[in-house]
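Student: Provide a 3D model corresponding to the input given below.
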Amino acid sequence: KAPRGSSTLNCFPELENAIVIIDSSSNSVGAKKSTPVRADMAEFEIQALAIHGLLHPETLWYKPVWAYQLTAVELLLLTLIIIILYPLCRPHYLLVVGGLLSATLIISHYLLHEQWQTYISVATPLLLIASITLFFLIAGLFYENRSRTQLQCRFGRYVPAEHIQRMLDQPNAISLEGER
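Tutor: Residues are numbered from 1 along each chain as shown. Next up is the predicted model:
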C-alpha cells in the first residue's frame, strides 16, 4: 500500500513510462481466443502482442500486395535459367546447380525480409527447383544407363571391357581418325 499523500507510481518506479496490461479473467472462465498464432490464446496475450507490434513495427512481417507478382516473376526466371542450364549438366552437376539456385533464392528472400520486413513465400519456387531437378536427374541417369548399355552391347564382342570402360569414363578422349 502506498503511504498517504504519495502517488502510487512512486512505489513502483519500474512501472514509470510502462504499459501495463491487467487481466481479470481466469482460465476456467474461457477468456481464450483462437488466433492464427495459436488455437487458445489468452486475451491479454493478444493485447500484449498487438501493443508490442505497434511499439516495434520492425518486428512485424507483412505480405505486400505485389507478393504474387514477384513469385510469378521468380518462377518465370527460374524456369528460364533451368531450361538453359539443366540440359548442359550431367546428372551429378544437377544437384550442385539446383542447390545453388535454392541457396540463392533463400538468401534473396532473407535479405528481402531483413530490408523491408516482408514475407514472401519461398515454398513454390523451391518446389519448382526441386521437382525439375529431380526430373532432369532421373532422366539423365536413365539416358546415361541406356547409352552405357548400348555401347557395351555394340562393342562388347570386339573390344576388351577395359577399353569400353575408358570410352564411357572419357567420351571426349575417343577419336575416330585412327593412328599413324
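Student: which is the next helix or strand following the helix or strand hosting His109?
Tutor: Per DSSP states H and E: His109 is located in helix 91-116. Counting by DSSP H and E, the next helix or strand C-terminal to helix 91-116 is helix 123-155.
Student: got the angle for that following helix vs helix 91-116?
Tutor: Helix 123-155 and helix 91-116 are oriented at 170 degrees to each other (axes from the mean of the first three to the mean of the last three C-alpha atoms, to 10 degrees).
Student: average pLDDT across helix 123-155?
Tutor: Averaging pLDDT along helix 123-155 gives 87.
Student: counting by contacts, list what that helix packs against.
Tutor: Other helices and strands packing on helix 123-155, by 3 or more C-beta pairs under 8 Å, 6 or more residues apart in numbering; DSSP states H and E, are helix 67-85, helix 91-116, helix 161-169. C-beta here means a position set from N, CA and C on the backbone, and glycine is covered the same way.
Student: Met41 is nearest to which of the ones you listed?
Tutor: Met41 lies closest to helix 91-116 among the helices and strands packed on helix 123-155, at 24.1 Å (C-beta to C-beta).
Student: and the closest one, how far out from the chain middle?
Tutor: Averaging C-alpha positions (C-alpha atoms, centre = their mean, to the nearest Å) puts helix 91-116 8 Å from its chain's average.
Student: between helix 67-85 and that helix, find me the angle.
Tutor: With the same axes, to 10 degrees defining the directions, helix 91-116 sits at 150 degrees from helix 67-85.
Student: buried residues, helix 91-116. List them.
Tutor: Leu94, Val97, Gly98, Leu101, Ser102, Leu105, His109, Leu112 (16 or more other C-beta atoms under 10 Å).
Student: which ones are touching the second one?
Tutor: Same thing as Val97. Val97 makes contacts with Leu85, Tyr86, Cys89, Thr133, as judged by C-beta atoms under 8 Å, 6 or more residues apart in numbering.
Student: tell me which of these is nearest to Ala161?
Tutor: Distance to Ala161 across the contacts of Val97 (C-beta to C-beta) is lowest for Cys89, with 28.2 Å.
Student: pull the number of nearby residues for that closest one.
Tutor: Neighbours of Cys89 under the rule other C-beta atoms under 10 Å: 17.
Student: swap in Trp61?
Tutor: With neighbours defined by other C-beta under 10 Å, the count for Trp61 comes to 10.
Student: wait, doesn't it sit right on Trp116?
Tutor: No. With contacts defined as C-beta atoms under 8 Å, Trp61 does not count as touching Trp116, sitting 9.8 Å away.
Student: can you pull the phi and psi angles for Leu60?
Tutor: Main-chain torsions, Leu60, degrees, to the nearest 10: phi -90, psi 140.
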